[in-house]
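Enquirer: sequence first, predicted coordinates after that:
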Amino acid sequence: MSYSKPKSSKLLRYLIMGLCAAIITILLGWNVQPSQTQNISKDIPKDIPKNITKDIPKPSGQDSLNVSGISISQSNPVAIVDIGKQYYQSGQYAQAIATWQQAADIYAKQGDRLNQAVVSQNLALAHQQLGHWQESEQSILLSLEIFQSHLPQPKLLAQALNIQGSIQIAQGKAQEALATWQRAAVIYEQIGDKDGAIRNKINQSQAMRSLGLYPKAKDLLNQVQSALQELPASSLKLASLIELGDTLRLNGDFAEATTILKESLAIAQKLNDKPTIAEIFLGLGNVNSSQLEATSAGDSRERQQKSTEAIAYYQQAAQITTRPITQVKAQINQLRLEIGLKQFETVKRLLPTIQAQLQDLPPSRASVYARVGFAQDLMKLNSGASDRQIAAQLLAKAAQQSQAMGDPRAESYAIGYLGELYERSQQFTEAQGLTEKALILAQNHNAADIAYRWQWQLGRIFKAQGKQSQAIAAYNETVSTLTSIRGDLVSSNADIQFSFRDGVEPIYRQLVDLLMTHEKGQALSQENLIAARKAIESLQIAELDNFFKEACLKGLSTQVDEVDAHAAVIYPIVLPDRVEVIVSLPDRSLIHRTTTISQDSLNRLLSELWRSLRRTSLETDIQTNSEKTYNILIGKELEAIFTTHKIQTLVFVLDGALRNLPMAVLYDGKQYLMEKYNLAVTPGLQLLDPHPLKRQQLEVFIGGLSKGTQNFSALPNVEREIQQIASLVSAPTPLLNETFISESIKTQISKNSFRVVHLATHGEFSSDAAKTFILTWNNRLGVKQLGDLLQTRDRDQLNPIELLVLSACKTAKGDNRATLGLAGLAVRSGARSTIASLWSVEDSATATFMEKFYQELMLLQTTKANALRKAQIGLLNNPQFTHPFYWAPFVLVGNWL
């Protein structure tokens, strides 16, 4: 952010960052943990104040900021601006506003337009922090008007434009923010201000991400990295690197974020800047914590390693820092990880230390968040009445301080989590009252990223009391709010610890649970079934948004009968105590069936089935668990309905652990599912582009690796696979081995209108976007890089890629959400359909499969799903490859026509 001191050489010392109003907290890197409402206890003391937002006393002199004896009543505007700056830095934004307004009034009376404009910039920033959008806009417009019409000052004008852009992006006006920052960029270029240009490009990249201009945003960040490398070590370079590192963390670019922050650490150590060294260690810990969220379904050893690294960084931050707030934030973050690792001896040691340190912190947004976060950890521990008493007192004090400071965001957090504490104790009247107060605070200040939490909390409170209709209404409002902030959900929660799996995913599942609950013997209404289907499709999109760390998907309104009159779409929904299956039929009717089975039992069944899909397993072992799964998802009753409606294609929108399982292997006791139906999976009809494949002039890009490279094994039959495909279709010379590099792929794709892209190479799908990749001769193409490469040609989409084939890929071992990477890659590639393998198959079987697939694909009136089925049946009927291990892993994602 930028603080301004009148007539000072340090006018531009402090940086402007356009991510959101809470950017200072981002840089400090502290997080508040959202928690699940579990382990409910009834023994919260009854004497906790319930009307804590009424009649709050003003802070005493002891709580006020001590500024070296300078009295705010003095009429020295320079000293007053300094006091305001210190209020701002300590998170006391209302006090900063009052102080700076006094200075602005003095300058106005003196006719000092220059310094009035400078202080107005500061006021705009402070109002922005509190969500006072009208006042913030008025302040920055006054500054802009002075610099544009009365006192031409290019550098200060560019700074004012940067602040205006930050206000616009915080309000969700990404297009306006980008235009504003681009105006500032022109000025920085004209006056040769390289430092200002660097920070401006970081800002622009945020707006571009919000607008879906991901390649351009990445290019800008690459330019920033290059520019920073040319600068000598300095405080300015240090601050810019920290900004860039945190921006990359929010983008999900964890490896790059770590590299940049370590570079900033080297500079800080060279400058012997201990406070900043501590902040960087805090930031590095936060990168590891963010990776833990991204790998929540992954390898347990990797999670242990990331936890250990994060704890070490937090410990170093706490030891080095001279700032109490940094120390307590580092220790709270460490505490949260220790709780997750069940290191209760360490937890027991940390608790009294943190509690004592919190007592001495002066009022500020950061200290309020620290108290709220510590209270959340105490609630999660749920170790006794005394801890709940402490949590309640911490939250009540946080609410009092935030109201006294005039900080509605912090106040909403404190009151809302106090409401959760009452919810956990089943004191629902008090819980509802506090939650409604927190919600009103958030809504009155346009804080949708906070409001959805309290809408969800109200839904849980209503549900716990059996108020079904009120609960559904609250959940629907929650989903509506989440939809409105899709692109900003991660970045707007940068000042707290954000967990998609704990803080967003359960909302959709709990809504579906409510919608699918009915009295025994009563049928569910079509209205509820439609709403439940919509909720599960919205969850699919939200999961992909979280996978990419950006809202890159645009939903379409697609009806299955508009796509295929002989297709049924199946939505299995995994709930804690049952599996609900909704089926959308071509006549637009919805039917459903319920199977009572616990989520744990289902996961065990699917895990056993997955383990049996090995080449050495007996087929009877596969069929035993496969038939059980078939009966849960389909059974005889749905088969009869499919026969009545002449269904030929089944399209699955899969949920939970079902995603990792190929539906082709489901067994009805006599036949596998793929022997009877064409099969496809999709993240949802909202993401479907319902156009059939045009076979005239079907040009195919073909590339792959037959030789081993980068420690990956050779695939000798890839050469045969490529030659066979090239003989069947129109294709330029395939790129094989040393020629299969990203530059050559880009050149061919940009110059040709390929309808099919076939990549015969190693690849891996993971729930972590950073670990999803396709192997080239000299590199690994990540999911975003591959998407950008495949979309290098004209983006008018008149001739989009119809089909992307990945013939030698696999899902990450131990990652039960790995196929999220396949779905993400399929969507990001821009292809209407993707065919890929879920596990590595002998390349001789793959070559045979692909030859048959393309033979069928070239036939008129054959859909992609039907060509896939015919190729699978071809392997099934081949004595060498009859085992499901060979034919089951190939899946079609997206458009099946």
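Expert: It's in.

Enquirer: tell me the domain ranges of the chain?
Expert: 362-445, 466-553, 557-687, 700-894 (automatic domain parsing).

Enquirer: contact partners of stretch 364-372?
Expert: Stretch 364-372 is contacted by residues 25, 28, 30, 32, 90-93, 129, 325, 328-329, 332, 358, 361, 394-395, 397-398, 401-402, 405, 407, 409-410, 413-414, 417, 495-496 when judged by C-beta atoms under 8 Å, 6 or more residues apart in numbering. Every C-beta, even on glycine, is put in place using the N, C-alpha and C of the backbone.

Enquirer: number of residues surrounding residue 725?
Expert: Other residues lying near residue 725 total 25 when counted by other C-beta atoms under 10 Å.

Enquirer: flag the shaky bits of the stretch 51-200 of the chain, pLDDT-wise.
Expert: Applying pLDDT under 70 to the stretch 51-200 of the chain flags the ranges 51-75, 172.

Enquirer: for the stretch 251-400 of the chain, same thing?
Expert: For the stretch 251-400 of the chain, the ranges with pLDDT under 70 are 295-299.

Enquirer: is residue 702 located within a helix, as I assumed?
Expert: No. Under DSSP: H, G, I helix; E, B strand; the rest coil, residue 702 sits outside any helix and is assigned strand.

Enquirer: pull the contacting residues for the closest residue to it other than its chain neighbours.
Expert: Leaving aside its sequence neighbours, residue 702 sits nearest to residue 734 (C-beta to C-beta, 6 or more residues apart in numbering; 4.0 Å). By C-beta under 8 Å, 6+ apart, the residues touching residue 734 are 702-704, 722, 726.

Enquirer: from residue 763, how far out is residue 734?
Expert: Distance, residue 734 to residue 763, using C-beta to C-beta, to the nearest Å: 17 Å.

Enquirer: these two touch, right, residue 201 and residue 222?
Expert: No. Here residue 201 does not reach residue 222: they are 9.8 Å apart, not a contact under C-beta atoms under 8 Å.

Enquirer: now the common contact residues for these two.
Expert: What both residue 201 and residue 222 touch, as defined by C-beta under 8 Å, 6+ apart, is an empty set.

Enquirer: got a list of what residue 236 touches?
Expert: Taking C-beta under 8 Å, 6+ apart, we find residue 236 in contact with residue 195.

Enquirer: can you tell me how far it is from residue 596?
Expert: 63 Å.

Enquirer: ditto for residue 456
Expert: From residue 456 across to residue 596, the span is 26 Å (C-beta to C-beta).

Enquirer: okay, those two: which has more neighbours?
Expert: residue 456 (26 against 9).

Enquirer: the more buried one is in what secondary structure piece?
Expert: Using DSSP states H and E, the element containing residue 456 is helix 448-464.

Enquirer: need the CA coordinates for that helix. PDB is fine.
Expert: Presented in PDB, the C-alpha positions along helix 448-464 are these (Å, rounded to 0.1, in the frame of the first residue of the first chain):
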ATOM      1  CA  ALA A 448     -19.700 -11.200   0.200                       C
ATOM      2  CA  ASP A 449     -16.600 -13.300   1.000                       C
ATOM      3  CA  ILE A 450     -17.500 -13.100   4.700                       C
ATOM      4  CA  ALA A 451     -21.300 -13.100   4.300                       C
ATOM      5  CA  TYR A 452     -21.500 -16.600   2.700                       C
ATOM      6  CA  ARG A 453     -20.000 -18.000   5.900                       C
ATOM      7  CA  TRP A 454     -22.800 -16.700   8.100                       C
ATOM      8  CA  GLN A 455     -25.500 -17.600   5.500                       C
ATOM      9  CA  TRP A 456     -24.100 -21.200   5.700                       C
ATOM     10  CA  GLN A 457     -24.000 -21.000   9.500                       C
ATOM     11  CA  LEU A 458     -27.700 -19.900   9.600                       C
ATOM     12  CA  GLY A 459     -28.500 -22.900   7.400                       C
ATOM     13  CA  ARG A 460     -26.900 -25.300   9.800                       C
ATOM     14  CA  ILE A 461     -28.600 -23.700  12.700                       C
ATOM     15  CA  PHE A 462     -32.000 -24.000  11.000                       C
ATOM     16  CA  LYS A 463     -31.300 -27.600  10.000                       C
ATOM     17  CA  ALA A 464     -30.300 -28.500  13.500                       C
END
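
Enquirer: so which residues of the stretch 701-850 of the chain form helices?
Expert: Assigned by DSSP state H, counting those that start in this stretch, the helices in the stretch 701-850 of the chain fall at 718-728, 742-751, 783-790, 819-828, 843-857.
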